[in-house]
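# Based on what follows, work out the 3D shape:
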Amino acid sequence: MNHRLILASSSKTRHAMLTNAGVACEAVASMIDEEGYKQSMKAEGASAAEAAETLAEMKALRMYRQQPDGIVIAADQMLECNGIWFDKPRDRDNTRAQLLALRGKTHQLVSAAVIYKEGSRIWGTIDTAHLTMRNFSDEWLEDYLDAAGEEIFNCVGGYQLEGIGAQLFTEVRGDYFTVLGLPLLPLIGFLRDHGVLKA
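Take a look at the predicted model:
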């Protein structure tokens, strides 16, 4: 029996990463109370990695219940800096505040991915990248916000490394795909090993 491959995400970037890599899948948003889960896990002392994995698993499980005939891929990303978790910014002012808080510091982006099939989790992985933001000027920041536009409101931390956001950094240590929000290479490897992609 051939199973449909479903990406439980509204992220255009994650869907593009998979389709550009030749992995055909449907993208369907999996709606969970992310903020509620995050607050609960933070209160319980969970790490950013544990939160990312739990959120990915919750998305996968919810989507599997809606699409039981599919192989469900779900992912989540957390940004952590000095013990503080950052979310997607709400607007320009919130983006500015986040970037000022990250300016001159090294933060971590943790990306987790989980796969569900026939009611069970069959695979999962977590990867972390470390990004060092330069000491940009306030004037440059305003120019950046003008140039980047509202698209960055959909990005944790308020930047896209694949765009003008690259100018924010002096160093990036880790996998490029992990920074974009999906540990793509181990995911593709599993799909190949599992017979979803040709070996």
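# Rank the helices and strands of this protein by mean pLDDT and give me the bottom one.
Taking mean pLDDT, DSSP states H and E as the measure, helix 34-43 is the helix or strand of the chain with the lowest mean score, a mean of 89.
# got the angle for the very next helix or strand once past that one vs helix 34-43?
With elements assigned by DSSP states H and E, the helix or strand that comes after helix 34-43 is helix 48-66. Here the directions of helix 48-66 and helix 34-43 differ by 140 degrees (axes from the mean of the first three to the mean of the last three CA atoms, to 10 degrees).
# partner strands of the helix or strand just after helix 48-66, parallel or antiparallel?
Downstream of helix 48-66, the first helix or strand assigned by DSSP H and E is strand 70-81. As defined by DSSP bridges, the strand partners of strand 70-81 come to strand 4-7 (parallel), strand 84-86 (antiparallel), strand 106-117 (antiparallel).
# So which of those is the most surrounded?
Of all those, strand 106-117 carries the top mean neighbour count, a mean of 23, counting by mean count of other CB atoms under 10 Å. For glycine as for every other residue, the C-beta is placed from the backbone atoms N, C-alpha and C.
# Mind listing residues that contact the least confident helix or strand of the chain?
Outside helix 34-43, the residues that touch it by CB atoms under 8 Å, 6 or more residues apart in numbering are Glu50, Ala51, Thr54, Leu55, Met58, Asp76, Trp85, Asp87.
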